[in-house]
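Quick one, fold the following:
(chains A and B)
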Amino acid sequence: MLKYSVKRILGMIPLLFVISLIAFMFVHLIPGDPARLIAGTDATIEEIENIREKYGLDQPLYKQYMDYMGNLFQGDLGQSIVTGRPVLDMLVERFGPTLRLTLASMAWALLFGLLIGVISAVKRNKWPDHLSMFFAVSGVSIPSFWLGLMMIQLFSVQLGWFPTGGIGGIETYILPSFTLGAGVAAIIARFTRSSLMDVLKEDYIRTGRSKGLTEFKVINRHAVRNALIPVVTMSGLQFGFLLSGSIITETIFSWPGLGRLLINSITARDYPVIQSEILLFSLEFLLINLLVDLLYGFLNPKIRYEEGS
Amino acid sequence: MSEPILSINQLYTSFRVDGETIPAVEGIDLSLYPGEIVGLVGESGSGKSVTSLSVMQLLDETPGEVTGGEVLFQGQDLLKFTDRQKRKVRGNDISMIFQEPMTSLNPVLKIGKQLVEAIREHQRISQTDARKHAIHMLNQVGIPRSEAIMNEYPHQLSGGMRQRVMIAMAMSCDPKVLIADEPTTALDVTIQAQILDVMRNMRDQHNTSILFITHDLGVIAEMCDRVAVMYSGRIVEQGSVYEIFENPKHPYTKGLLGSIPKLGAKEDRLDSIQGQVPTVEDRPKGCKFANRCPFVMDHCWEEEPPLFDGKNRCWLHEREEATE
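Sure, this is the predicted structure:
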């Protein structure tokens, strides 16, 4: 398994290379001139030229890319055009809050998603199923900006239980993580339901029942683990999305995470920051995919990765 | 003969599909005596598997429902049991093996775990003893390197080996009755013979009664003591293997036997029963076989024949009875 993982990680390097190139080009395709934005509206042409020179924006595009990559290999992600701070520091600072928010959201999502999914599959077409699926459909269709604002209105403004935003103790995590997790929970619930319903039709489920096992044991020991295999892939993907920072939720709850950094950087045409964030998100996705594949092998012995394979 | 261990009396099972009730089994009587192997033979859709699932009370996963009759096991009606009582019987007193060895074992659990689970569900013994018993069972069904196989997953075994594992699992609590639903249909002919051997050995060692469901008359001839032939949810003829093969009475049984290729005979075409099994809506009002029967008489269309002499359901034999 170690050998397999190392192989996969090495395989990521060329991929990241390609991604960096695409990211670089797309970022520079965004209309607008960062030098002008920084200099302000009443800056002279000379001032703007100075800023261009300072950040290497006057160089040809390929030269800018080479410089960027050269620095990248030395562990230097460059400096923010807006704040002048090293990009690496900014990312590290923002990664923590986003990671913690993601973990909290995934905890909600998995807890509710799996529970609701299993209940509705087992009680299919009865009222618990209808109720669960009502919540699941709501969770998918309610936009997070609305859910977030409603939660703030109810729990922060009216009831005063939780703060309206910002990061601090555990109470500051409740509302944003719930807002972010609700949609994911709904997706996981629907996925679990359909997967489990398929598994319950399998022959080995009948075998389990013919042994005289209780329905609980049949579902718990024989059905759920088989049903989880596709759910794991999907949850991994969702985890990746959350880890890129939710722009909307982070903005609503004034959360100092990667999502807000990204939207601010795009507005300011802060090229180095945008590029590095895209690269970071890609890396996150690749690592999560690896993790999902390893988990797959754990769940399904048929695709267990043997040494040397 | 002693008391039957299992007797099915006037069993009716139907399916509910889109609010409509479709009868699958209509009034079956069948008894199984200790140590006996009874074959249940018929075409697809004749109700063989539904009968076996009705006995096991495993119809939940289908839209099926037992609507009448009784299934007596050692004199007690299984149909009246509570869920808890049913679970105590399943896998313990009556166990079952299925047609598809490839998919009947859980792919993500080790063989050992699945065997031990079956044993410990019904017996209060330690994990270690259950493992020992499981290995013993694997040896009994002729699995080499049984200890290693305990730690393997189903996909590492061949179909024949998996069916042996299924038999070991079904026999692990020493059941009185084993229901085998087409256990050899999915296997190669050579493997088939081995599996039949294993089952016969099991019967000899444990005096288990076996209800053997198949559409393969060759297998019936090899395995069974008695045979019941099913058609359209009914038993149309039953008797000892000798009686049925030497002197079949019902035209359907004759047709089935006629469609087996004979060794040494030069035939260009195999005999076959003309037509197809009618769907439930198209079943004739009288004898269900009337539309395919070469000996059909006017009377056959009007009234369904009873099981004459408890042996066959054909009006031709009413006259025989009267003249005898």
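
mind listing the helices for the stretch 51-200 of chain B?
Here the stretch 51-200 of chain B has its helices, by DSSP state H, counting those that start in this stretch, at B:83-89, B:111-122, B:127-140, B:146-149, B:159-171, B:189-206.

what's the answer for chain A, then?
A:2-29, A:34-39, A:45-54, A:61-73, A:87-122, A:127-141, A:144-151, A:171-199, A:203-210, A:215-217, A:224-243, A:247-252, A:258-267, A:271-299 (DSSP state H).

Around chain B, pick out the residues from chain A.
Contact residues (Cβ under 8 Å from any Cβ of the partner chain) of chain A with chain B: A:200-214, A:221-222, A:225-226, A:299-302. In this view, the C-beta of every residue, glycine as well, is placed from N, C-alpha and C.

Now for B:His206, how many residues are close by?
15 (other Cβ atoms under 10 Å in any protein chain shown).

From what I see, it and B:Ser172 are in contact.
No - between B:His206 and B:Ser172 there is no contact under Cβ atoms under 8 Å: 10.9 Å.

Select only the buried ones of the residues of chain A next to chain B in ChimeraX?
Restricted to buried positions by 16 or more other Cβ atoms under 10 Å in any protein chain shown, the ChimeraX selection for the residues of chain A next to chain B reads:
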select /A:200,202,203,204,205,206,207,208,209,210,211,212,213,221,222,225,226,299,300,301
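
Give me every residue in the stretch 151-300 of chain B lying close to chain A.
B:153, B:155, B:166, B:169-170.

For the residues you listed, work out which two are farthest apart.
B:His155 and B:Ala170 (20.5 Å; Cβ to Cβ).

Surely A:Leu283 and A:Ile9 touch.
No - using Cβ under 8 Å, A:Leu283 is not in contact with A:Ile9, being 10.4 Å away.

that older thread, least reliable of the helices of chain A by average pLDDT, please.
Among the helices of chain A, helix A:34-39 carries the lowest mean pLDDT, a mean of 76.

And it, what's buried?
Going by neighbour count (16+ other Cβ under 10 Å), the buried part of helix A:34-39 is A:34-35, A:37-39.

same thing with stretch A:254-262?
Within stretch A:254-262, the residues that count as buried by 16+ other Cβ under 10 Å are A:255, A:257-262.

for stretch B:270-286, same thing?
For stretch B:270-286, a neighbour-count test (16+ other Cβ under 10 Å) marks B:273, B:277-278, B:283-284, B:286 as buried.

And for stretch B:107-120, what's in contact with it?
With contacts defined as Cβ atoms under 8 Å, 6 or more residues apart in numbering or on different chains, stretch B:107-120 is touched by A:204, A:211, A:213, A:221-222, A:225-226, A:299-302, B:91, B:105-106, B:125, B:127, B:130-131, B:133-134, B:137-138, B:149-155, B:157, B:165, B:168-169, B:172-173.

Then stretch B:8-23?
In contact with stretch B:8-23 (Cβ under 8 Å, 6+ apart) are residues B:24-31, B:47, B:50-51, B:54-55, B:59, B:62-72, B:233, B:280.

For the residues you listed, which ChimeraX command selects only the ones that are buried?
To isolate the buried subset of the contacts of stretch B:8-23 in ChimeraX, counting by 16+ other Cβ under 10 Å, use the following:
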select /B:24,25,26,28,29,30,31,47,50,51,54,55,59,64,66,69,71,72,233
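
Take the contacts of stretch B:8-23 and keep only those in strands.
B:24-31, B:64-72 (DSSP state E).

give me the number of residues near the nearest residue to A:Ile174 once chain neighbours are set aside?
For A:Ile174, ignoring the flanking residues on the chain, the nearest one in space by Cβ to Cβ, 6 or more residues apart in numbering or on different chains is A:Phe162 at 5.4 Å. Per other Cβ under 10 Å, the neighbour tally for A:Phe162 reads 19.

one step back: between the buried residues of stretch B:270-286, which is nearest B:Thr185?
Scanning the buried residues of stretch B:270-286 for proximity to B:Thr185, where the rule is Cβ to Cβ, the winner is B:Val277, at 17.8 Å.

three-state assignment of the closest one?
Following DSSP: H, G, I helix; E, B strand; the rest coil, we place B:Val277 in the coil state.

Tell me who's in contact with it.
B:43-46, B:231-232.

I'd like to know how many residues surround B:His317.
When neighbours are counted by other Cβ under 10 Å, B:His317 registers 18.

which strand residues sit across from the residue nearest to it when sequence neighbours are not counted in the sheet?
Among residues not flanking B:His317 along the chain, B:Phe308 sits closest, at 5.0 Å (Cβ to Cβ, 6+ apart). Counting by DSSP bridges, B:Phe308 is bridged to B:Asn312.
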